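Enquirer: Sequence first, predicted model second:
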Amino acid sequence: MTLALREGVFLAETEDGISLLDEDSGQYWNLNPTAALIVRTLLEGGTPEQAAVALTKEYRADLDSASRDVEELLEALESAALLHHKM
Amino acid sequence: MRTYERPTLTLMGSF
């Protein structure tokens, strides 16, 4: 199971992370650099655990905190209907 | 190693 952007959601890399444009709702969102790293990892087929490890390699973060933050971000992305699970 | 900022998803506006 991998994660993908919902159809109608477009991604653009920016100086501040990533912007997500939702054509259906007419809303656009910003992911800060740490959130952008998580989303990049997941969209490339990585697991939430791998995303947490990637955070600890780039930033001064412990694995427990990073894992919790990955899960919280995933919940937010799914609540906003920006990502979905691709079987 | 960069300073860690918690990941955020922010609604910026509408179009």
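Expert: Yes, it's here.
Enquirer: The nearest residue to A:Gly46 once chain neighbours are set aside: neighbour count?
Expert: The shortest distance from A:Gly46 to any non-neighbouring residue, by CB to CB, 6 or more residues apart in numbering or on different chains, is to A:Ala54 (7.3 Å). Backbone N, C-alpha and C define where each C-beta goes, glycine included. Using other CB atoms under 10 Å in any protein chain shown, A:Ala54 has 19 neighbouring residues.
Enquirer: Please report the distance of B:Thr3 from A:Glu58.
Expert: 11 Å (CB to CB, to the nearest Å).
Enquirer: if you take the average position of the chain, which residue is closest to it?
Expert: In the absence of a named chain, chain A is used. Geometric centre of chain A, nearest residue: A:Val39, 2.6 Å, by CA atoms, centre = their mean.
Enquirer: Can the host helix or strand of it be said to contact chain B?
Expert: Using DSSP states H and E, A:Val39 sits in helix A:33-43. Yes - interface with chain B: helix A:33-43 contributes A:Pro33, A:Thr34, A:Ala35, A:Ile38 (CB under 8 Å from any CB of the partner chain).
Enquirer: go on, stretch A:63-76?
Expert: Yes - using CB under 8 Å from any CB, we find that stretch A:63-76 touches chain B at A:Ser65, A:Asp69, A:Val70, A:Glu72, A:Leu73, A:Ala76.
Enquirer: check contacts around the first one.
Expert: Spelled out, it's A:Ser65. Residues in contact with A:Ser65 (CB atoms under 8 Å, 6 or more residues apart in numbering or on different chains) are B:Tyr4.
Enquirer: Much appreciated, bye for now.
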